[in-house]
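[1] turn this into a structure:
(one chain, ligands or ions: 1)
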Amino acid sequence: MIKNTYEKYVLPKLLDTCCSTKPINYQREKVVPNASGTVLEIGIGSGLNIPFYNLSKINKIYGLDPSTQLCKKAIKKAEEMSINIDFLFEGAEEIKLKSNSIDTVVITYTLCSIPNPMDALKEIKRVMRPDANILFCEHGIAPDIKVSKWQNRINPIWGKLFGGCNINRDIPSIISNSGFKVHNLNQMYLPSTPKIVGYNYWGSASI
Ligand SMILES: C[S@@+](CC[C@H](N)C(=O)[O-])C[C@H]1O[C@@H](n2cnc3c(N)ncnc32)[C@H](O)[C@@H]1O
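    Reported below is the predicted structural model:
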């Protein structure tokens with residue numbers, strides 16, 4: 001009962017607020033405008049990437065997320081901005097799109113929350129055209145042992161409070177071990193952000 005109320009009313013607001021800080025929006029600006037063609041956003045959440053798309057390069061946007069509460073916010077945002085997005089209310093482990101149909105996959109701050117990200121990436125690979133790209137920006141395991149120790153300690157509690165989010169995933173390894181080539185990998189601690197959640201990895205990946 002308390003868990004359901006928390007997940008329905010508190011968590012969507014919490015995630016929306018935590019994911020819309022100035023440093024995170026600055027990250028979105030580095031990644032999202034590069035999307036082109038037919039775009040699939042994995043874990044569109046409350047739609048925080050929507051204002052960053054360069055619509056002149058895009059034919060179509062699909063927004064996938066299993067959370068109807070978060071999608072409601074994204075739908076509202078898309079309507080306010082008059083942007084046509086087809087929403088898929090499901091997890092990335094099974095995507096109801098044709099194989100070889102997507103040019104760009106956008107994933108921001110979502111690989112942390114997918115229970116088995118390698119299963120999802122396998123399915124993402126199926127829907128990607130052979131020359132398609134993944135554009136990603138994620139927080140993950142920090143390179144400093146002092147920080148990563150705390151990430152590992154806190155991770156189980158963190159996940160319970162933040163919708164299954166893991167703060168200690170090795171994002172580049174997860175992507176490359178799922179059969180992708182990682183390009184232009186950048187990494188740093190975001191300014192004004194606690195180090196345990198602030199180590200960001202961003203770049204692109206191809207099949
Ligand atoms: C921290 S939020 C980030 C939302 C958004 N990507 C952003 O950049 O603000 C994590 C998102 O992952 C979504 N998510 C959780 N499990 C998922 C799954 N199996 N497949 C796709 N998305 C999932 C959640 O519903 C949530 O919207």
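[2] buried residues in the helix or strand harbouring Ile157?
    Under the criterion of DSSP states H and E, Ile157 resides in helix 145-161. When neighbours are counted by 16 or more other CB atoms under 10 Å, the buried residues of helix 145-161 are found to be 147-148, 150-151, 155, 158-159. In short, each C-beta sits where N, CA and C put it, glycine included.
[3] touching the ligand at all, stretch 105-113?
    Yes: using CB under 6 Å from any ligand atom, we find that stretch 105-113 touches the ligand at 108-110, 113.
[4] neighbours of the closest residue to Tyr189 other than its chain neighbours, how many?
    Spatially, and ignoring its direct neighbours in sequence, Tyr189 is nearest to Gly198 (4.8 Å; CB to CB, 6 or more residues apart in numbering). By the criterion of other CB atoms under 10 Å, Gly198 has 19 neighbours.
[5] so in that sheet, which strands flank the longest strand anywhere in the chain, and in what orientation?
    Scanning the chain for the longest strand, with DSSP state E as the assignment, gives strand 128-139. Its sheet considered, strand 128-139 pairs with strand 102-108 (parallel), strand 199-206 (antiparallel) by DSSP bridges.
[6] most packed of those?
    Each of these was scored by mean neighbour count; the highest is strand 102-108, a mean of 24, by mean count of other CB atoms under 10 Å.
[7] circling back: residues making contact with the helix holding Ile157?
    141-142, 165-168, 195-196, 199 (CB atoms under 8 Å, 6 or more residues apart in numbering).
[8] what angle sits between it and strand 128-139?
    In terms of direction (axes from the mean of the first three to the mean of the last three CA atoms, to 10 degrees), helix 145-161 departs from strand 128-139 by 110 degrees.
[9] check the offset of helix 145-161 from the chain's centre.
    19 Å (CA atoms, centre = their mean, to the nearest Å).
[10] now do the strands in this structure.
    Under DSSP E, the chain gives strands at 37-42, 58-64, 85-88, 102-108, 128-139, 181-189, 199-206.
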